[in-house]
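Enquirer: take this sequence and fold it.
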Amino acid sequence: MISSPSRHVVARHLLTGVREALLDTRVVAVVGPRQAGKSTLVQQLVAERPDATYASLDAPEIRALAGDDPAGFVAGRPGLFAIDEVQRVPDLMLAIKAGVDRDQRPGRFLITGSSQLSANRAVSETLA
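Expert: Numbers count the residues shown, from 1 in each chain. Modelled structure (predicted):
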């Protein structure tokens, strides 16, 4: 357990699995209930990679940017792009799909979402 002034962070066993998935998969999703540690896990992975970018769609200004131009929001990212709470802008899924269809490098996107993300039929069809 690592201690910080505001909270305790538990070592995540999923870190290794997500790292490995990013080596050969274009889009990796971390899905689970609220307050399960998804954002913390993703932020740890982003901190390990100098080419990574992190965006949280919990922030209204970021959500507005993503909603106004989903394709532009995901375009032109040279490294890993981590998008937290991706279900908040459903049109991003089509933009991500188009992006990985054009550029098939693994480790392009790391997305997080609520449990409903995996149950969303449009999402499962888009990024199967």
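Enquirer: need the three-state assignment for the residue most central in space within the chain.
Expert: Nearest to the mean C-alpha position of the chain, counting by C-alpha atoms, centre = their mean, stands residue 111 at 1.8 Å. Three-state call for residue 111 (DSSP: H, G, I helix; E, B strand; the rest coil): strand.
Enquirer: that one reaches residue 29, doesn't it?
Expert: Yes: with contact defined as C-beta atoms under 8 Å, residue 111 reaches residue 29; the gap is 5.0 Å. The C-beta positions use only the backbone N, C-alpha and C, and glycine is treated the same way.
Enquirer: shared neighbours, the two?
Expert: Residues touching both residue 111 and residue 29 (C-beta atoms under 8 Å, 6 or more residues apart in numbering) are residue 86.
Enquirer: what sits closest to the residue nearest to the centre of the chain if chain neighbours are left out?
Expert: Nearest non-adjacent residue to residue 111, counting by C-beta to C-beta, 6 or more residues apart in numbering: residue 86, 4.3 Å away.
Enquirer: and that neighbour, how many neighbours does it have?
Expert: Per other C-beta atoms under 10 Å, the neighbour tally for residue 86 reads 26.
Enquirer: would you confirm that it contacts residue 113?
Expert: Yes: Residue 86 is within contact range of residue 113, at 5.1 Å (criterion: C-beta under 8 Å).
Enquirer: thinking again about what came up before, state the pLDDT value of the residue nearest to the centre of the chain.
Expert: Residue 111 is assigned 96 on the pLDDT scale.
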